[in-house]
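*Asks:* Just to be clear, the model below is a prediction. Sequence and coordinates:
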Amino acid sequence: MVSRVIPVDPFDLVIFGATGDLARRKILPGLFHRFTVGQMPEGARIVGAARSELDADAFRKMIRDSLLEFAPKLAQESAALEQFLAMVHYMRVDAAGDAGWSGLKDLMRDDVVRAFYLSVSPSLFGTIGGKLHDHGIATRDSRIVVEKPFGHDLATAQALNADLRANFDESQIYRIDHYLGKETVQNLMALRFANALWEPLWNSTHIDHVQITVSESLGVEGRGEYYDKSGAMRDMVQNHLMQLLCLTAMEPPSRFDPNAVRDEKVKVIEALEPVAPKDIARGQYRAAQGEGSYRDHAGDPDSRTESFIAMKVKIANWRWAGTPFYLRTGKKLRGRSSEIAVIFRDPPHMIFPAMEGHKGNALIIRLQPDEGITLRNTIKDPGPGGMRLAEVSLDMTFADALGEQGTPQDAYERLIMDVIRGDQTLFMRGDEVEAAWAWADPIIHGWEETRQPPYPYDPGSSGPEEALMLMHRDGRRWREITRKDDQ
């Protein structure tokens, strides 16, 4: 299979917060990779904008050091590093003041795509958007990219959207969620809507339940105070897991068009039923083996913020009535893993007594590690002497199946190039963000009212026992979270 690299149009990409951690770790290495594979045209320019007292040479040195740290193999082996750095400019800009804005305007070109990446605090989104508008830097065709968090609740999300829409049309706003840039997430749409095999089975008649898991082996060390203000519900469920749920459950859009796709995602969120307290298990990791607990890392011995959450979610529509979705995410778990597991119902009549009650078919979509798709089947165990059945998996790991072209690009690479193309399919729309908060807010408010502390769990486990009971009550089991070296 040959992968085609289609160059984008020439552009000026301004990165606000260009000296920050996200720019150094993800945005700039991703842009460099796109340059080395030939996707960025000669007329492209990257403009760093920040408050730091740097000149262009100092900024280029910072980028070179960042690439050597976060993309060492590519930076050391590529002869294109100096060519890439020649495309880079720097402008000292005071986001809240007037310094640097006129210079930034003079630097912009009229005949290329203009995009502004706001890798800054959400509190600055409205301010920067206003400055871009007031100084005539943003045009009607400009694009503005904003990072999560998209609000802390429904009210703040609405205020944030109002700030952005005061100076930009919804068609210009790109709310980036890096999970949507993962190759496997996009392959979920291809799997469902480009194959006649799956869609007739993709409903409650044939699917028993769906499990969506995003587990992390690390804790919140180093950012505990920040994380303690959000927790797993706000940090992961309301955005990342919600997006995976929508893509799994959505109806086929009329066409592969940004608004058609996002219309169907909004319908899923609006169809979510309220979640009963008995269908939620919150957890907080303990201290173990000389490592601190969540409360130690958060700096609050009385913290009631969850580092783990599992919940049973129901969708009130014809397709999914009777098929629950189980969502699970947490810190300090047994391994780092993200997957969507679609568990099919058993055959209506089992003619093989030995397999009675045995859960058979499952479609596993792996997001990390080793992105790919696995289909679990039951077959006859080879050999004479009766009908012995065994489970086997049809496994497509992208890197193995497609060779070098199957190695997924970083999500940020794909999404930034989509911004330049003007393709909003993989970005969240404002009403989508607000609908997700409208569903999540009552759940969070319920916890705040009861002040029920999260259940403790051991680091390196699969979460608290209460999460296991959430499934056991329904006669189901979570898929095991495995370490990388267990696979």
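*Replies:* Received, thanks. Computed from a predicted structure; not experimentally measured.
*Asks:* From now on I want contacts and neighbour counts done on CA atoms only, so please keep to that.
*Replies:* Will do.
*Asks:* tell me the SS of the most centrally placed residue in the chain?
*Replies:* Nearest to the geometric centre of the chain sits Y179, at 2.1 Å (C-alpha atoms, centre = their mean). Secondary structure, DSSP: H, G, I helix; E, B strand; the rest coil: Y179 is helix.
*Asks:* Quick one: classify the closest residue to it other than its chain neighbours as helix, strand or coil.
*Replies:* Nearest non-adjacent residue to Y179, counting by C-alpha to C-alpha, 6 or more residues apart in numbering: H240, 6.3 Å away. The three-state assignment at H240 reads helix, by three-state DSSP.
*Asks:* Can you give me the distance of H240 to V5?
*Replies:* 28 Å (C-alpha to C-alpha, to the nearest Å).
*Asks:* between these two, which one's more packed in?
*Replies:* H240 (16 against 11; other C-alpha atoms under 10 Å).
*Asks:* Next, work out how far apart that one and A96 are.
*Replies:* 30 Å.
*Asks:* List the contacts of the residue nearest to the centre of the chain.
*Replies:* 185, 240, 243, 411 (C-alpha atoms under 8 Å, 6 or more residues apart in numbering).
*Asks:* Quickly check these for the two that are furthest apart.
*Replies:* Q243 and A411 (14.5 Å; C-alpha to C-alpha).
*Asks:* neighbour-wise, which of the two wins?
*Replies:* Q243 (22 against 18).
*Asks:* Doesn't that one belong to a strand?
*Replies:* No - assessed with three-state DSSP, Q243 is helix; it does not lie in a strand.
*Asks:* Skipping adjacent residues, who's closest to it in space?
*Replies:* L180 (7.4 Å).
*Asks:* For L67, see how far away L31 is.
*Replies:* L31 is 10 Å from L67, by C-alpha to C-alpha.
*Asks:* what about those two, which has more around it?
*Replies:* L67 (24 against 19).
*Asks:* Work out for me the element H89 sits within.
*Replies:* strand 88-92 (DSSP states H and E).
*Asks:* So what are the sheet partners of that strand and their directions?
*Replies:* In the sheet, strand 88-92 lines up against strand 45-50 (parallel) (DSSP bridges).
*Asks:* And the helix or strand just after the strand it pairs with, what's buried?
*Replies:* Proceeding N to C from strand 45-50, the next assigned helix or strand is helix 56-70, under DSSP H and E. For helix 56-70, burial by neighbour count (16 or more other C-alpha atoms under 10 Å) applies to 56, 59-60, 63-64, 66-67.
*Asks:* As CSV, those with distance to L367 and pLDDT would be great.
*Replies:* Formatted as CSV, the buried residues of helix 56-70 follow (distance: C-alpha to C-alpha, whole Å; pLDDT from 0 to 100):
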residue, distance to L367, pLDDT
A56, 38, 89
F59, 34, 93
R60, 33, 94
I63, 29, 93
R64, 30, 92
S66, 26, 91
L67, 25, 91
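*Asks:* Closest to A190 out of the residues you listed?
*Replies:* Nearest to A190 among the buried residues of helix 56-70: L67, at 32.9 Å, using C-alpha to C-alpha.
*Asks:* Next one: the closest one relative to A23, how far apart?
*Replies:* Remark: distance between L67 and A23 (C-alpha to C-alpha) = 11 Å.
*Asks:* Check F344 too.
*Replies:* On the measure of C-alpha to C-alpha, F344 and A23 end up 42 Å apart.
*Asks:* ok, now A321?
*Replies:* According to C-alpha to C-alpha, A321 and A23 sit 43 Å apart.
*Asks:* So these two - more neighbours on which side?
*Replies:* A23 (21 against 13).
*Asks:* Low-confidence stretches in the protein?
*Replies:* Scanning the chain with the threshold set as pLDDT under 70 gives 1-4, 354-359, 380, 383-386, 388, 390, 392-393, 397-409, 483-487.
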